[in-house]
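S.K.: No sequence on hand, only this structure:
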């Protein structure tokens, strides 16, 4: 996830053990990402994250620096 700081500092650091003990289950991240994208596309929701072109550039740079 690409979340802006400081608004989302610590976003993935919360202790969820009590929620899981109470029966909360997690969906696969891929399912959540796909469904969120489908929802954004269907509702003309806000543009979030990287543009397709920016993502392509970031991935190309990352692959170029892999051993």
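M.R.: Ah, there it is. From a predicted model like this one, the values you see are computed outputs, not experimental measurements. Numbers count the residues shown, from 1 in each chain.
S.K.: per-residue pLDDT, residue 6?
M.R.: Residue 6 is assigned a predicted lDDT (pLDDT) of 87.
S.K.: hang on, I meant residue 22
M.R.: The model reports residue 22 with a pLDDT of 97.
S.K.: Next: the one 3 residues further on.
M.R.: We note a pLDDT of 94 for residue 25 in this prediction.
S.K.: any idea how far it is from residue 31?
M.R.: Counting by C-beta to C-beta, to the nearest Å, the gap from residue 25 to residue 31 is 12 Å. Backbone N, C-alpha and C define where each C-beta goes, glycine included.
S.K.: cool, and residue 66?
M.R.: Using C-beta to C-beta, residue 66 is found at 27 Å from residue 31.
S.K.: When the two are compared, which one has more neighbours?
M.R.: Neighbours per residue (other C-beta atoms under 10 Å) separate residue 66 from residue 31, with residue 31 holding more: 10 against 5.
S.K.: May I have the secondary structure class of that one?
M.R.: Using DSSP: H, G, I helix; E, B strand; the rest coil, the structure places residue 31 in helix.
S.K.: Repeat that for residue 60.
M.R.: Secondary structure assignment for residue 60 (three-state DSSP): helix.
S.K.: so what's residue 5 up against?
M.R.: For residue 5, the contact set (C-beta atoms under 8 Å, 6 or more residues apart in numbering) is empty.
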